[in-house]
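[1] need coordinates for the following:
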Amino acid sequence: MKPKVTIQGVAGCYHDAAARAYFAPTEIDTVPCDTFQAMFETLDTDASLIGILAIENTIAGALLQNHELLRKSNLTIVGEHKMRISHVLAALPGQPIDSLTEVNSHPMALMQCEQYLRRHPNLRIVEKLDTAGSAKDIAMHDLRGHAAVCGELAAELYGLEILARGIETNKRNFTRFLILADPLMAPELKPKEEQLDKASIVFTLPHTHGALSKVLTIFSFYDMNLSKIQSMPIIGREWEYRFYIDLTFDSFVRYRQALDAVRPLLNDFRVLGEYKECKNEI
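    Down below sits the predicted model:
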């Protein structure tokens with residue numbers, strides 16, 4: 001059976017493209033969800049489903065809501081995928097750019113293509129909920145005169161003509177996605193122990209002097225590389241923070257020793273997942 005992967009967005013969205021790239025050459029079936037919250041609720045109903053979740057972007061930064069959704073779930077990270085986000089301008093076939101009057105897309109995508117769109121003042125910018133959804137609406141409702149800023153997969157899926165590629169201003173636009181699974185399914189999906197070289201953990205600290213520096217010193221002693229540290233305020237506990245940390249390492253044994261060493265210093269500690277680092281960002 002094909003793996004079934006939940007995605008946030010409609011078919012052809014960037015989550016869809018990332019999922020297909022991660023599992024290639026294995027074919028997958030996708031389960032579209034309107035929101036990230038709905039995606040987690042869908043995953044809760046069926047342990048056989050796999051999830052793909054955007055967690056950070058090189059331009060927009062960390063998706064803080066998704067950190068919290070992951071922490072509150074029982075899901076575990078089994079992999080990651082980094083994908084360059086490249087936008088295209090697409091419309092119904094047979095329309096030159098100068099004949100178009102409106103461009104539709106998600107506000108973030110429109111902002112990322114601001115310089116290109118400024119060169120086409122004939123295009124009235126209209127914000128929509130989704131990049132791929134904008135392409136789908138144009139195709140479904142035969143919206144001539146409209147263009148979508150979307151991904152190449154969406155344009156092809158909905159039969160639109162690509163008028164321009166790579167229209168984003170910053171070409172170093174990457175999104176990091178996490179692959180999520182029910183703990184019962186995780187052993188089948190994640191690499192063998194000797195291939196693991198990255199982990200994501202979350203914890204809180206006692207409100208004492210030097211608490212974080214002690215933890216970081218121990219990680220340094222065990223040769224753990226902190227590839228990311230994200231702090232978030234704990235609602236209802238003034239000036240206290242929850243820390244999300246990504247660790248990369250060469251030795252799984254040393255990594256486990258590091259966790260054993262810091263565990264007595266931490267509160268609300270949880271390993272969100274142990275997986276293989278994705279290095280395809282170039």
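[2] which residue lies farthest from the center of this structure?
    Residue farthest from the centre of the chain, counting by CA atoms, centre = their mean, is S99 at 35.2 Å.
[3] ok, what's across the strand from the spatially most central residue of the chain?
    Nearest to the geometric centre of the chain sits A54, at 1.2 Å (CA atoms, centre = their mean). In this entry, A54 is beta-bridged to F177, by DSSP bridges.
[4] report the separation between it and M224.
    Computed with CB to CB, to the nearest Å, the distance linking A54 and M224 is 25 Å. The C-beta positions use only the backbone N, C-alpha and C, and glycine is treated the same way.
[5] what segments of the protein are helices?
    Remark: helices assigned in the chain by DSSP state H are 14-23, 36-45, 64-72, 107-112, 114-118, 131-140, 152-157, 186-189, 211-221, 252-262.
[6] how about the CA coordinates for the shortest one, as CSV?
    Same thing as helix 186-189. This file holds the C-alpha atoms of helix 186-189, laid out as CSV (Å, rounded to 0.1, in the frame of the first residue of the first chain):
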residue,chain,number,x,y,z
ALA,A,186,8.0,5.1,14.1
PRO,A,187,10.4,2.1,14.2
GLU,A,188,9.3,1.2,10.7
LEU,A,189,9.9,4.7,9.3
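[7] what's in contact with it?
    Here helix 186-189 makes contact (CB atoms under 8 Å, 6 or more residues apart in numbering) with 50, 76, 78-79, 179, 181, 273.
[8] what does the last one give?
    Contacts made with helix 252-262 from outside it, assessed by CB under 8 Å, 6+ apart, are listed as 193-194, 196-197, 199, 201, 215, 218-219, 221-224, 247, 249, 271, 274.
[9] change it to 7 Å
    With CB atoms under 7 Å, 6 or more residues apart in numbering as the test, helix 252-262 has contacts from 193, 196, 199, 215, 218-219, 222-224, 247, 249.
[10] biggest separation within these, which pair?
    The most widely separated members of these, counting by CB to CB, are E193 and V215 (24.2 Å).
[11] so for the two, which residue has more residues nearby?
    Shown here are E193 and V215; by other CB atoms under 10 Å, V215 has more neighbours (19 against 10).
[12] quick one: contacts for the more buried one?
    262, 265 are the contacts of V215 under CB under 7 Å, 6+ apart.
[13] check whether G133 really touches Q8, as I assumed.
    No: judged on CB atoms under 7 Å, G133 makes no contact with Q8 at a distance of 11.3 Å.
[14] number of nearby residues for K136?
    Neighbours of K136 using other CB under 10 Å come to 21.
[15] for it, what are its contacts?
    Contacts of K136 (CB under 7 Å, 6+ apart): 10, 158.
[16] let's see it at 10 Å
    By CB atoms under 10 Å, 6 or more residues apart in numbering, K136 lies in contact with 10-13, 130, 148, 150, 154, 157-158, 160.
[17] from A91, how far off is R118?
    Distance, R118 to A91, using CB to CB: 18 Å.
[18] please apply the same query to Q8.
    Taking CB to CB, one finds Q8 at 25 Å from A91.
[19] report pLDDT for the residue farthest from the centre of the chain.
    For S99, the pLDDT comes out at 95.
[20] now do F221
    pLDDT recorded at F221 is 96.
[21] can you get me a residue count around it?
    Neighbour count for F221, taken as other CB under 10 Å: 12.
[22] and what of H207?
    12.
[23] okay, the residue lying closest to it once chain neighbours are set aside: pLDDT?
    Counting by CB to CB, 6 or more residues apart in numbering, H207 lies nearest to E240, which is 5.8 Å off, once chain neighbours are set aside. Looking at E240, its pLDDT stands at 82.
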